[in-house]
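J.: make a model of this:
(one chain, ligands or ions: 2)
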Amino acid sequence: MRADVDYQQTDYLVIGSGVAGLRAALELVKAGSVVALAKADTGESNTEYAQGGVAVALSDDDEVECHFVDTVSAGDGHCDENAVKVLVSEGPARISELIEWGAAFDQEGNKLAFTGEGAHSRRRVIHAHGDSTGREIVRALRQRAQMESGLRLVPHTFIIDLLVENDRCRGVLSLDRASSRLCVWQARAVILASGGLGHVYRDTTNPDIATGDGFAMAYRAGARLCDMEFVQFHPTALALPGVPRFLITEAIRGEGGYLRNQRGERFMERYHERAELAPRDVVSRAIVQEIQSTSQSEIYLDLSHLRPDFVRRRFPRVYQTCLGYGLDITRDRVPVHPAAHYMMGGIETDLYGRTNIKNLFAAGEVACTGVHGANRLASNSLLEGLVFGARAGQGALSVESRADSPADPIDLNSFLARPAAAEVAAERLSLQKIMRNFAGVLRSGDGLREAAKALGSMPTSQLDGGWDSTALENANLLTVARLITQAAEVRKESRGSHYRMDYPSRDDETWRKRIVLCRTAEPSFKPLLDADRP
Ligand code: FAD
Ligand code: SIN
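T.: Ligands and ions are numbered 1, 2, ... in the order given. As a prediction, this is how the structure comes out:
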């Protein structure tokens, strides 16, 4: 299949218009023209739906060092401590800058208001409009972007693949979703900020855009991916039949909400000393184990002991959304269940977003600096997008200009074989089912091997009815599903979000290392470094 192809050129290309992409673009526009491409509307991203807030050591009783300790501890012995140092120490400046750009975080009096969340030893999470933090951040970053004439945001442009020749990224191939035209975008440097992969699981808090495209295209291009076994399941997604897995923010537990089993008992104290405010992986596992051990089907969030006017004012989005489903959270018990939420692993980068492919950078959820270890501390992701988005921009600024002309031919033949659109529905549903059954909160070697076999035999064939972004997304989901199960099978221990029923303990002696996956090589291992060991 051949198609007419348009050509476009810019100095810098950013894939994604969430927090990481927008922040990177604002760094790059200081030095040249920037195009940021998004596959849906430019406002649609995981960032847009972020509720709880941003963790940042800005309160009077907090310290950067304390944020460091909490992040490393939640990461369960698997963080890159140098990356954590960067995150917590540069975070306050990035937030102050965002406030200067017009972001309005909630205040108490004339000071920022801070809330608590799981595994934080201080109230350090700032928030906006109660529980619409991500929306406010996107609004402020977009408002700032509009002031830059050199920065163009282009919606509904689906990136099919990275164009890599001789280990150097020269641009991307895109599909215009309205016209179905292909376009080659050439640039001096490309920053992948394409977000997460929640839809590899049927139950996810993520919006539809989160189909792991960036992970898959980077893998196809020969990038190194690491920590792919570490998928975070958020403990409290709304669990009503036939209703999307809407997130019920952890900040609700931070403000005193309880988890109860079907008998009405608070059970978290039996699983962790911090009870409802234990690290996220612990709470998710406890919910699943509580359901299994009591043969009860439901777990609930209970806010009925909190003042109703406080709950309505503090969590307006959750209150209104649940009300729309017939639940008054000030009164009714809210059924919740863990759902796929965040990917700790991703494209291996250094602290300036550099990947193993020249001129290709990555930031945000698609990247893996190692900052989150095996389990991300609540509300560290928006901060990561700001800090490492800016840094990836700085990294890309060091790429020297090269006179690539739009007519400079790029061989597109290898990009023209895709899975068949006809197989779309069956493929997505069945792979999501496999992932839920075998690569979810609780895993085992037998299950992961069964999953790998089933995923390995899923059909892929030529696209014959024209380019179809849903079929391309499904192919990407299949790639990331295979990577997750492969890494999860290799790691024979339990750590953070990765729990192996056949290896229930953490094994530092054997497993203090990252699993690195690369299309052109066998899986390899990379040692972890502590901050005081270069
Ligand atoms: P995203 O914001 O997801 O942006 C991805 C961008 O890439 C989008 O513009 C998308 O269109 C584009 N893209 C993807 N694929 C393609 C393609 N093939 N072609 C073109 N464009 C593409 N974290 C916190 O720290 N605090 C919170 O309170 C919080 N709450 C959350 C609540 C919810 C419901 C969810 C889902 C997540 C939450 N998180 C939170 C996590 C956090 O929001 C995300 O990890 C973070 O926003 C990711 O930002 P990003 O810029 O990397 O990606
Ligand atoms: C939430 O509000 O519970 C999500 C916070 C996060 O993902 O860090």
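J.: now do the contacts for the residue of the chain found nearest ligand 2.
T.: The nearest approach of the chain to ligand 2 comes at Gly52, 2.6 Å away (CB to the nearest ligand atom). The way it works is simple: take the backbone N, C-alpha and C, and place the C-beta from them, glycine included. Counting by CB atoms under 8 Å, 6 or more residues apart in numbering, Gly52 touches 115, 117, 125, 127, 131, 133, 249-251, 254, 378-379.
J.: tabulate those residues (a markdown table), appending secondary structure, neighbour count and pLDDT.
T.: A markdown table is the format used below for these (DSSP: H, G, I helix; E, B strand; the rest coil; neighbours: other CB atoms under 10 Å; pLDDT from 0 to 100):
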| residue | secondary structure | neighbour count | pLDDT |
| --- | --- | --- | --- |
| Thr115 | strand | 24 | 96 |
| Glu117 | coil | 24 | 94 |
| Val125 | strand | 27 | 98 |
| His127 | coil | 26 | 98 |
| Asp131 | coil | 26 | 97 |
| Thr133 | helix | 27 | 98 |
| Thr249 | coil | 28 | 97 |
| Glu250 | coil | 28 | 96 |
| Ala251 | helix | 25 | 96 |
| Gly254 | helix | 23 | 95 |
| Ala378 | coil | 27 | 96 |
| Ser379 | coil | 27 | 98 |
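J.: these: which ones sit near ligand 1?
T.: Among the contacts of Gly52, the ones lying near ligand 1 by CB under 6 Å from any ligand atom are 133, 379.
J.: tell me how far stretch 73-93 is from the chain's mean position?
T.: Relative to the centre of its chain, stretch 73-93 is centred 17 Å away, using CA atoms, centre = their mean, to the nearest Å.
J.: for that stretch, what is the average pLDDT?
T.: Mean pLDDT, computed over stretch 73-93, is 98.
J.: how about that stretch and ligand 2, touching?
T.: No - judged by CB under 6 Å from any ligand atom, stretch 73-93 stays clear of ligand 2, getting no closer than 10.6 Å.
J.: tell me which residues touch the residue lying closest to Ala55 once chain neighbours are set aside, please.
T.: In this structure, Ala55 finds its nearest non-sequential neighbour in Ser379, 4.0 Å apart by CB to CB, 6 or more residues apart in numbering. Contacts for Ser379 (CB under 8 Å, 6+ apart) come out as 52-55, 117, 125, 250.
J.: how about a cut-off of 10 Å?
T.: By CB atoms under 10 Å, 6 or more residues apart in numbering, Ser379 lies in contact with 50-56, 115, 117-118, 120, 124-127, 133, 249-251, 254.
J.: in the stretch 351-500 of the chain, where is pLDDT below threshold?
T.: 402-426, 460-466 (pLDDT under 70).
J.: got the phi and psi for the residue of it found nearest ligand 1?
T.: Residue nearest to ligand 1 within the stretch 351-500 of the chain (CB to the nearest ligand atom): Gly364, separated by 2.3 Å. Main-chain torsions, Gly364, degrees, to the nearest 10: phi 80, psi -150.
J.: touching, it and Phe215? I think so.
T.: No - applying CB atoms under 10 Å as the test, Gly364 and Phe215 come out as separate, 11.8 Å apart.
J.: who touches both of these two?
T.: Counting by CB under 10 Å, 6+ apart, the contacts common to Gly364 and Phe215 are 192, 194-196, 346.
J.: now the residues you listed: which count as buried?
T.: 192, 194-196, 346 (16 or more other CB atoms under 10 Å).
J.: any chance of the residues you listed in a markdown table with secondary structure and pLDDT as columns?
T.: Shown next, in a markdown table, are those (DSSP: H, G, I helix; E, B strand; the rest coil; pLDDT from 0 to 100):
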| residue | secondary structure | pLDDT |
| --- | --- | --- |
| Leu192 | strand | 98 |
| Ser194 | coil | 98 |
| Gly195 | coil | 98 |
| Gly196 | coil | 98 |
| Gly346 | strand | 98 |
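J.: buried ones in the host helix or strand of Ala487?
T.: Using DSSP states H and E, Ala487 falls within helix 469-490. Neighbour counts over helix 469-490 (16+ other CB under 10 Å) mark 469, 471-489 as buried.
J.: so what does Asp61 look like in phi/psi?
T.: phi -100, psi 20.
J.: could you find the closest non-adjacent residue to it?
T.: Leaving aside its chain neighbours, Asp61 sits nearest to Arg122 (6.4 Å; criterion: CB to CB, 6+ apart).
J.: isn't the one you found up against Gly254?
T.: No - using CB under 10 Å, Arg122 is not in contact with Gly254; the gap is 11.2 Å.
J.: ok now stretch 134-149, how far from the chain's centre?
T.: How far stretch 134-149 lies from its chain's middle: 20 Å, per CA atoms, centre = their mean.
J.: tell me which element Asp309 falls in.
T.: Judged by DSSP H and E, Asp309 forms part of helix 308-314.
J.: which strands and helices sit next to that helix?
T.: Where contact means 3 or more CB pairs under 10 Å, 6 or more residues apart in numbering; DSSP states H and E, helix 308-314 is packed against helix 251-254, helix 316-324.
J.: of the contacts of Gly52, which is the nearest to ligand 1?
T.: When these are compared for distance to ligand 1 (CB to the nearest ligand atom), Ser379 comes out closest, at 4.1 Å.
J.: my guess is Tyr201 contacts Ala439, does it?
T.: Yes - judged on CB under 10 Å, Tyr201 makes contact with Ala439 at a distance of 8.3 Å.
J.: which residues do those two both contact?
T.: Contacts common to Tyr201 and Ala439, judged by CB under 10 Å, 6+ apart, are 231, 340, 481, 484.
J.: isn't Ser524 right up against Arg224?
T.: Yes - Ser524 lies in contact with Arg224 (CB under 10 Å); the separation is 8.6 Å.
J.: so these two - more neighbours on which side?
T.: A count of neighbours by other CB atoms under 10 Å puts Arg224 above the other of Ser524 and Arg224, at 22 against 13.
J.: can I get stretch 149-168 in CSV, CA atoms only?
T.: Extracted in CSV, the C-alpha atoms of stretch 149-168 (Å, rounded to 0.1, in the frame of the first residue of the first chain):
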residue,chain,number,x,y,z
SER,A,149,4.6,32.8,18.2
GLY,A,150,7.3,30.1,17.5
LEU,A,151,5.2,27.4,19.1
ARG,A,152,2.4,25.6,17.2
LEU,A,153,0.1,23.0,18.8
VAL,A,154,-1.3,20.7,16.2
PRO,A,155,-4.3,18.4,17.2
HIS,A,156,-5.7,15.2,15.7
THR,A,157,-2.3,14.1,14.3
PHE,A,158,-1.6,10.5,15.1
ILE,A,159,2.1,9.7,15.1
ILE,A,160,2.6,6.3,13.5
ASP,A,161,6.3,5.9,13.9
LEU,A,162,9.6,7.6,14.6
LEU,A,163,11.8,8.0,11.5
VAL,A,164,15.2,6.7,12.6
GLU,A,165,18.1,6.2,10.2
ASN,A,166,21.6,5.1,11.3
ASP,A,167,20.6,5.4,15.0
ARG,A,168,19.6,9.0,14.5
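J.: is there proximity between that stretch and ligand 1?
T.: Yes - under the criterion of CB under 6 Å from any ligand atom, stretch 149-168 makes contact with ligand 1 via 157-159.
J.: residues touching whichever residue of the stretch 101-250 of the chain sits closest to ligand 1, list them.
T.: For the stretch 101-250 of the chain, the residue closest to ligand 1 is Gly195, as judged by CB to the nearest ligand atom, at 2.5 Å. Residues in contact with Gly195 (CB under 10 Å, 6+ apart) are 15-21, 38-39, 45-47, 206-207, 209-215, 343, 364-366, 385.
J.: now the phi/psi pair for it, please.
T.: Dihedral angles of Gly195 (phi, psi; degrees, to the nearest 10) stand at phi 80, psi -150.
J.: what's the spacing between it and Glu348?
T.: 17 Å (CB to CB, to the nearest Å).
J.: what does Lys453 give?
T.: 27 Å.
J.: same question for Val480.
T.: 15 Å.
J.: how long is stretch 111-128 from one end to the other?
T.: 13 Å (CA to CA, to the nearest Å).
J.: for the residue lying closest to Val5 once chain neighbours are set aside, name its beta-bridge partners.
T.: Distances taken as CB to CB, 6+ apart place Leu182 nearest to Val5, at 4.7 Å, with adjacent residues excluded. Note on Leu182: beta-bridge partners by DSSP bridges are Val5, Leu175.
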